[in-house]
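Engineer: show me the folded form of this:
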Amino acid sequence: MKKLFFPLLIITFILSALSHFMHWGAELEFGFAGLAILFAAGLLGKATESVAHYAGQRLGGFLNATFGNAAELIIAIFLIKEGLFDIVKASLTGAIIGNLLLVLGASAFVGGLKFKEQKFNVHLAGQNASLMLLGIIALFIPAIFVKTEHISEHDTMSISIIVAAFLIFAYIGWLIYSMFTHKDLLEDHVDTQADHGEKPAWTKGMSVVFLVVATVMVAFISEWLVHTLDTFSSRFGLSELFVGAFVVAIVGNAAEHSAAVMLALKNKMGAAVEIAVGSSLQIALFVAPVLVFISLLFGKEMNLIFTTIELAAIGVSVLIATSISRDGSTTWFEGKLLLIVYVILGVSFYFV
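Structural biologist: Numbers count the residues shown, from 1 in each chain. Now for the predicted structure:
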């Protein structure tokens, strides 16, 4: 299977490109893009694992979250250009809850079936919990004030810009804190020891090259897949909210899904948590605020005010993810709980 991986990756990518540009129909476009993104995400996961061998699990997980969110950011920019702000916010909501519930849940569940208990840095878990709460506060407070005090659209945008700027400032501070000033405190020293005796798949240079190539492929395939969503949603009677929060979000975060589960299966839960929770934090503290400023470049103002349903979904996701991960350990049962909450939210969004 390893020998067939790269040929299958190239074949599915070419078929996905041909079906998109030659208009073979939404069904074939969706099918080929879905297959292609699975292989591209697999390459991204393998490249991340190889980079983590050289750079450490935290930096490897951070790179995976960043490169994985590149697809989400690119998709959102295209949607903003079209003025589809509701789908953008729904996809951001889906990305946050998807990473906290689906990615972290699947990683904890699958890894827990193989290992009785998986541990990771408790200091990192605590800091992640605090940052997740900051993200919730930053989204909840403006929404409550705007909706209860009937603040004007101009002032709503002003609030969004100010909050977005401080969220970006907080995220930059977190990077400095976690990567430089307190790096040793937050590192998983046990898990970073030469991959438990395993050799990396590629050299350091090739690992970075494959990481970039896989990210570019995921971004292209994600865009092609988005173009099939209108037909897909109308044919199956799905709402824009459900498509944005679940379909687009799952597609945009396919890379994190595969990489986190692969790492959990190798008992590297620290890296899996860094991917799942780190990606959610990056969406809430960096991607969403940046999109507010990007919308201004297009001459279209997208505020940071989410709907009550979206805020409730993000709130419960943060609540249970924080509760489960704060002690620095996970089991298959805790992973199952996260997945159940994700299913409950999915069913509820479906009927909106």
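Engineer: what does stretch 207-214 contact?
Structural biologist: Stretch 207-214 is contacted from outside by 40-41, 43-44, 46-48, 50-51, 53-54, 63, 67, 200-202, 255, using CB atoms under 8 Å, 6 or more residues apart in numbering. In short, each C-beta sits where N, CA and C put it, glycine included.
Engineer: from those residues, list the buried ones, please.
Structural biologist: Buried by 16 or more other CB atoms under 10 Å: 40-41, 43-44, 46-48, 50-51, 53, 63, 67, 200, 202, 255, out of those.
Engineer: which pair in those residues spans the largest distance?
Structural biologist: Across these, the longest distance by CB to CB is 20.9 Å; it joins Ala40 and His53.
Engineer: need the pLDDT of Ile305.
Structural biologist: If you check Ile305, the pLDDT there is 90.
Engineer: repeat that for Arg58.
Structural biologist: 65.
Engineer: quick one on the thing from earlier: quick one: which of the buried ones among the contacts of stretch 207-214 sit in strands?
Structural biologist: Per DSSP state E, strands hold no members of the buried ones among the contacts of stretch 207-214.
Engineer: quick check: mean pLDDT of the host helix or strand of Val213?
Structural biologist: Secondary structure assignment for Val213, by DSSP states H and E: helix 204-226. The average pLDDT for helix 204-226 rounds to 81.
Engineer: swap in stretch 133-142?
Structural biologist: 91.
Engineer: where does the prediction get shaky in the stretch 1-150 of the chain?
Structural biologist: Applying pLDDT under 70 to the stretch 1-150 of the chain flags residues 1-2, 56-58, 60-61, 64, 68, 71.
Engineer: now for whichever strand or helix holds Ser323, which elements pack on it?
Structural biologist: Ser323 belongs to helix 308-325 when assigned by DSSP H and E. In terms of contacts (3 or more CB pairs under 8 Å, 6 or more residues apart in numbering; DSSP states H and E), helix 308-325 is packed against helix 85-97, helix 104-114, helix 122-149, helix 269-282, helix 332-350.
Engineer: quickly run through the sheet partners of the next helix or strand after that helix, with directions.
Structural biologist: Next helix or strand after helix 308-325 toward the C-terminus (DSSP H and E): strand 329-330. Paired neighbours of strand 329-330 in the sheet (DSSP bridges): strand 118-119 (antiparallel).
Engineer: which residues touch the partner strand?
Structural biologist: Ala108, Gly111, Gly112, Ala264, Asn267, Met269, Gly328, Ser329, Thr330, Thr331.
Engineer: hmm, try it at 7 Å
Structural biologist: Gly111, Gly112, Ala264, Asn267, Met269, Gly328, Ser329, Thr330 (CB atoms under 7 Å, 6 or more residues apart in numbering).
Engineer: out of the helices and strands packed on helix 308-325, deepest packed?
Structural biologist: Mean neighbour count (mean count of other CB atoms under 10 Å) peaks for helix 269-282 among the helices and strands packed on helix 308-325, with a mean of 30.
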